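Novice: okay, structure incoming, though there's no sequence with it:
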């Protein structure tokens, strides 16, 4: 009878973990990360220690190529660290357990990329619109529309400046002075 209770306990533990892993993978998917990468992070999060690619492949049933790509993605997002263990020749990987740091790294990487793409496009268009405004051969109606676009883009660039400063506050940990971590 003791074995049956233990099996029931193991099953309940797995169900609780699986629920969290599913939520993590769905949440990460909302932010442009595949669900399989989210599942991998969730699986690593609940491990007692670091794992090799082969162990992860066995655990999740993914191909080694897919596993390698997913791990590299998580390392790039700073959600997983490559760790070293004496006597182990294969690469070992471990989840970042500090959720504050994981959030900070994940979102700052995503936000910086988005800001960079949008600011670059807006600055290029702003330059073109200003040249258009100076062109004497361009119809006044077109210039009025261009002036409105310049105002809209300038307002958007102010937002992106604010977003960059927000990202800076996350990277410098200043955000935690405004919104303290629970200790």
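Specialist: Everything's here; your move. Just so you know, these numbers come straight off a predicted model, no measurement behind them. Numbering: from 1, shown residues only.
Novice: list the buried residues in the helix ranked longest in the chain.
Specialist: Scanning the chain for the helix with the most residues, using DSSP state H, yields helix 99-134. Neighbour-count burial for helix 99-134, counted by 16 or more other C-beta atoms under 10 Å, picks out 102, 104-106, 108, 111, 115, 119, 122, 126, 129, 132. Bear in mind the C-beta positions are built from the backbone N, C-alpha and C, glycine included.
Novice: now swap in stretch 152-170 and tell me
Specialist: 153, 160, 163, 166-167, 169-170.
Novice: the helices in this structure, which residues?
Specialist: 2-30, 35-45, 53-60, 64-76, 99-134, 140-171, 175-178.
Novice: in space, what's closest to the residue nearest the centre of the chain - neighbours in sequence excluded?
Specialist: The centre of the chain sits closest to residue 106, judged by C-alpha atoms, centre = their mean, with a distance of 3.4 Å. Distance criterion C-beta to C-beta, 6 or more residues apart in numbering; nearest residue to residue 106, sequence neighbours excluded, is residue 77 at 5.5 Å.
Novice: quick one: contacts for that neighbour?
Specialist: 33, 105-106, 109 (C-beta atoms under 8 Å, 6 or more residues apart in numbering).
Novice: again, but for residue 178
Specialist: residue 169.
Novice: per-residue confidence for it?
Specialist: pLDDT recorded at residue 178 is 94.
Novice: before we move on, what about residue 30?
Specialist: Predicted confidence (pLDDT) for residue 30: 84.
Novice: do the same with residue 52
Specialist: 92.
Novice: tally of neighbours for it?
Specialist: Burial of residue 52 is recorded as 15 neighbouring residues (other C-beta atoms under 10 Å).
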